[in-house]
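Asker: structure for this input, please:
(chains A and B)
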Amino acid sequence: GAVVSQHPSRVICKSGTSVKIECRSLDFQATTMFWYRQFPKQSLMLMATSNEGSKATYEQGVEKDKFLINHASLTLSTLTVTSAHPEDSSFYICSAKEGRAGGYLGDEQYFGPGTRLTVT
Amino acid sequence: QQQVKQSPQSLIVQKGGISIINCAYENTAFDYFPWYQQFPGKGPALLIAIRPDVSEKKEGRFTISFNKSAKQFSLHIMDSQPGDSATYFCAASRMDSSYKLIFGSGTRLLVRP
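Answerer: Next up is the predicted model:
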């Protein structure tokens, strides 16, 4: 149990285009999803927290108009990188938390396999 | 005060040895301390987690030791295997912050055969 998927696993796009990354909780309902980015040999940096049906909360320094997050259902959140530039190239990882009182997953966050974005 | 400091940055252990990774935090409001294992090109996987009401938790070869007064916690990997070679991250979070994880900087573990 507690499987989180991401699609695509890798994407290459041209500078100026937009890219959408999907994050799905496959066997549980995720009331909260988190989006991280990770540069090579570095730690994970939280970008935003999204709760189902409400607007995402962005961390300081993260451009909300550039990184659009939608959490329309309890099993799906999307991150859209708009007008991507080479400096947006990174490893994007989502995580999901059940968050339901009495839920069998407790308070753990489960991570997706990540999406490697390369902007040329 | 939100930082979690992790050491060492890298660690080399012989097969069968004990790997020890340490983390320290400042914010006493943290109430959940997980450890994650990450292989290259993959997302982190939850290994083991602890809450401050216990001083130790063991799952298989992995043990967390937690020292609330010192605000430190550590991961011990017993009988380390080459397959354990990965990057390990400690983290901390608070229930009243939607459990946002604050990650340590990571430790790259290499277990030699």
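
Asker: residues from chain B in reach of chain A?
Answerer: Proximity of chain B to chain A, by C-beta under 8 Å from any C-beta of the partner chain, involves residues B:32, B:34, B:36, B:41-46, B:49, B:89, B:95, B:98-101, B:103-106. All C-beta spots, glycine's among them, are computed from the backbone N, C-alpha and C.

Asker: just give the nearest non-adjacent residue to the closest residue to chain B within chain A, would you?
Answerer: Relative to chain B, the nearest point of chain A is A:Phe111 (4.0 Å; C-beta to the nearest C-beta). Counting by C-beta to C-beta, 6 or more residues apart in numbering or on different chains, B:Gly43 is the residue found nearest to A:Phe111 once chain neighbours are left out, at 4.0 Å.

Asker: A:Arg24 against A:Ser73, yeah?
Answerer: No: if you go by C-beta atoms under 8 Å, A:Arg24 and A:Ser73 don't touch, sitting 9.3 Å apart.

Asker: among the two, which residue is more densely surrounded?
Answerer: Legend: neighbour count by other C-beta atoms under 10 Å in any protein chain shown for A:Arg24 and A:Ser73, higher for A:Arg24 (19 against 13).

Asker: which residues does that one form beta bridges with?
Answerer: Bridge pairing for A:Arg24 (DSSP bridges) gives the partners A:Ser5, A:Leu76.

Asker: swap in B:Gln37?
Answerer: Beta-bridge partners, per DSSP bridges, of B:Gln37: B:Ala45, B:Tyr88.

Asker: do the same with A:Cys13
Answerer: The partner residues for A:Cys13, given DSSP bridges, come to A:Val119.

Asker: pretty sure it contacts A:Leu117?
Answerer: Yes: between A:Cys13 and A:Leu117 there is a contact under C-beta under 8 Å: 7.4 Å.

Asker: so what's in contact with these two at the same time?
Answerer: Residues within reach of A:Cys13 and of A:Leu117 at once, by C-beta atoms under 8 Å, 6 or more residues apart in numbering or on different chains, are A:19, A:84.

Asker: next, count neighbours for A:Val19.
Answerer: Neighbours of A:Val19 (other C-beta under 10 Å): 19.

Asker: could you measure from it over to A:Pro8?
Answerer: Look at A:Val19 and A:Pro8: by C-beta to C-beta, to the nearest Å, they are 9 Å apart.

Asker: go on, A:Glu98?
Answerer: Counting by C-beta to C-beta, the gap from A:Glu98 to A:Pro8 is 25 Å.

Asker: more neighbours: these two, which one.
Answerer: Neighbours per residue, other C-beta under 10 Å: of A:Glu98 and A:Pro8, the larger number sits with A:Glu98, 22 against 13.

Asker: who has more neighbours out of A:Cys13 and A:Leu117?
Answerer: Between A:Cys13 and A:Leu117, counted using other C-beta under 10 Å, the more crowded position is A:Leu117 (21 against 16).

Asker: verify the stated contact: the more buried one with A:Ser90.
Answerer: Yes: with contact defined as C-beta under 8 Å, A:Leu117 reaches A:Ser90; the gap is 6.1 Å.
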